[in-house]
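J.: Just need the structure, nothing else, for what follows:
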Amino acid sequence: MKSWKTTLCGVLAIVGAGMTQFFHDTPMLFKIGGFLATVAPACGLLFARDNNVTSEQAGATAPRSGAGTPFLALAAALGLSALMVGCAGLNRSIITVTDVVDSAMTEYADAQVRGLTTPALDAKVKAAHAEYQKAAGLALVAYQTATANGDKPAALATLKTLREAVDPLFDLITPKLAADRAVTLSQQLNQAAAP
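T.: Numbering: from 1, shown residues only. Modelled structure (predicted):
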């Protein structure tokens, strides 16, 4: 552990691999973990030196006493991981709400293709979905502001507002979904409302 750059890249790769194991149900964190697990080792290799040059030829100096830099890098990576774990519950809830809405809309579209809806209902669903999207956009800005300021009550209020914006849309869609699927999606929404 003489090169802090390669050590940091290795630690980030390990953290990234861990994120893909623990956050598989949180798409954003899963993707970040996959990115770290893929890119960090490549960056580490870029920082590594070829073995066809001796240390003296490369201009390396004698190592300092006490290898604090790798431990600092490890502490920073662990701190970042702890921060992500702390935010994961609320992030997971918000992502669950949006995933459930996306699934419900996809299934509604399938019902529409099968001729199970009416043009009047389709117009109502389209309008309700547009209202949900507007509320979701505002909720995203409010959530990002609340989390940036460390205001967890405001972030929770954002989740509640987002969840309430789903109800009018779901009231229109669920009668056209398969009964078991409507129950499953409703349960997922209720679980997301209480992180």
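
J.: what helix or strand does the most centrally placed residue in the chain sit in?
T.: Most central in the chain under CA atoms, centre = their mean is residue 28, positioned 2.2 Å from the mean C-alpha point. In the assignment (DSSP states H and E), residue 28 maps to helix 27-47.

J.: and that helix, what other elements does it pack with?
T.: Helix 27-47 sits against helix 4-22, helix 68-113, with contacts defined as 3 or more CB pairs under 8 Å, 6 or more residues apart in numbering; DSSP states H and E. Any C-beta I mention is one placed from the backbone N, CA and C, and that applies to glycine too.

J.: how about a cut-off of 6 Å?
T.: Helix 27-47 sits against helix 4-22, with contacts defined as 3 or more CB pairs under 6 Å, 6 or more residues apart in numbering; DSSP states H and E.

J.: just how off-centre is the helix it packs on within its chain?
T.: Helix 4-22 sits 17 Å away from the centroid of its parent chain (CA atoms, centre = their mean, to the nearest Å).

J.: Next, the angle helix 27-47 makes with it.
T.: The directions of helix 4-22 and helix 27-47 differ by 150 degrees, with axes from the mean of the first three to the mean of the last three CA atoms, to 10 degrees as the criterion.

J.: helices and strands around helix 4-22, which ones?
T.: Against helix 4-22 (3+ CB pairs under 6 Å, 6+ apart) you get helix 27-47, helix 68-113.

J.: where among these is the average confidence lowest?
T.: Lowest mean pLDDT within these: helix 68-113, at a mean of 68.

J.: Residue 154 against residue 146, yeah?
T.: Yes. Counting by CB atoms under 6 Å, residue 146 is a contact partner of residue 154 at 3.7 Å.

J.: The two: which is more packed in?
T.: Neighbour count, other CB atoms under 10 Å: between residue 154 and residue 146, residue 146 has more, with 19 against 14.

J.: give me every residue that touches that one.
T.: Listed by CB atoms under 6 Å, 6 or more residues apart in numbering, the contact set of residue 146 reads 154, 155.

J.: That one and residue 155, how far apart?
T.: 4 Å (CB to CB, to the nearest Å).

J.: Residue 160 versus residue 139, what's the distance?
T.: Counting by CB to CB - residue 139 and residue 160 are separated by 9 Å.

J.: So the two - more neighbours on which side?
T.: Neighbours were counted for residue 139 and for residue 160 using other CB under 10 Å; residue 139 has more, 23 against 12.

J.: What number of residues are in the vicinity of the closest residue to the more buried one other than its chain neighbours?
T.: Closest residue in space to residue 139, ignoring its immediate chain neighbours: residue 162 at 4.3 Å, by CB to CB, 6 or more residues apart in numbering. Around residue 162 sit 24 other residues, with neighbours defined as other CB under 10 Å.

J.: May I ask which helix or strand encompasses residue 162?
T.: Going by DSSP H and E, residue 162 is in helix 152-173.
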